[in-house]
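K.L.:
What follows is a predicted structure for the sequence shown.
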Amino acid sequence: MPAGQLPVDVTEHGPVSVVTVCGEIDVATAPTLQRRLAALYESDQLRLVVDLSGVTFCDSVGVSVLIGAARALSGRGRVHLVGLRPVLERLFEVTGIGSVFVIHPGLSTAIDAAGTFVPGR
């Protein structure tokens, strides 16, 4: 894959958009993820699941993109994460960043939880 490209697929599961990311999220590729997420939350998609199970590396720029999506939805929706590698999960836990997201052990759990979200509650 050419440098700077990041495979990001979006699939719809009822009212939930699942964003599946593969590869390395870094300073060169993070803008691709940011654009895909922004297109969703700017179109008022409030039920987002980001599947990171195919991500092999994520630097601080990638984490910032995820936090930015959570902030953009703040008060209107939540970003649900699934597929965190242990290193990233530990980083989120130690820094407290994990509280910004809803972290799930599996994709079906994340889709179910995101699908039952009621904005404004």
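P.N.:
Ah, there it is.

K.L.:
so how far is the helix or strand bottoming out on mean pLDDT in the chain from its chain's centroid?
P.N.:
Among the helices and strands of the chain, helix 86-95 carries the lowest confidence by mean pLDDT, DSSP states H and E, at a mean of 90. The chain centre lies 15 Å from the centre of helix 86-95; the measure is CA atoms, centre = their mean, to the nearest Å.

K.L.:
Give the other helices and strands that it contacts.
P.N.:
Contacts defined by 3 or more CB pairs under 8 Å, 6 or more residues apart in numbering; DSSP states H and E place helix 86-95 against strand 47-58. No exception for glycine: its C-beta is placed from N, CA and C like everyone else's.

K.L.:
what helices or strands is the strand it packs on leaning on?
P.N.:
Strand 47-58 packs on strand 16-25, helix 30-42, helix 60-73, strand 78-82, helix 86-95, helix 107-115, going by 3+ CB pairs under 8 Å, 6+ apart.

K.L.:
7 Å - rerun?
P.N.:
Here strand 47-58 touches strand 16-25, strand 78-82, helix 107-115, going by 3 or more CB pairs under 7 Å, 6 or more residues apart in numbering; DSSP states H and E.

K.L.:
Need these in a markdown table (columns: mean pLDDT).
P.N.:
As requested, the helices and strands packed on strand 47-58 are exported to a markdown table (pLDDT from 0 to 100):
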| stretch | mean pLDDT |
| --- | --- |
| strand 16-25 | 97 |
| strand 78-82 | 95 |
| helix 107-115 | 95 |
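
K.L.:
May I see these arranged in CSV, with mean neighbour count and distance to V63 as well?
P.N.:
Output for the helices and strands packed on strand 47-58, formatted as CSV (neighbours: other CB atoms under 10 Å; distance: least, CB to CB, whole Å):
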stretch, mean neighbour count, distance to V63
strand 16-25, 20, 8
strand 78-82, 24, 11
helix 107-115, 18, 18
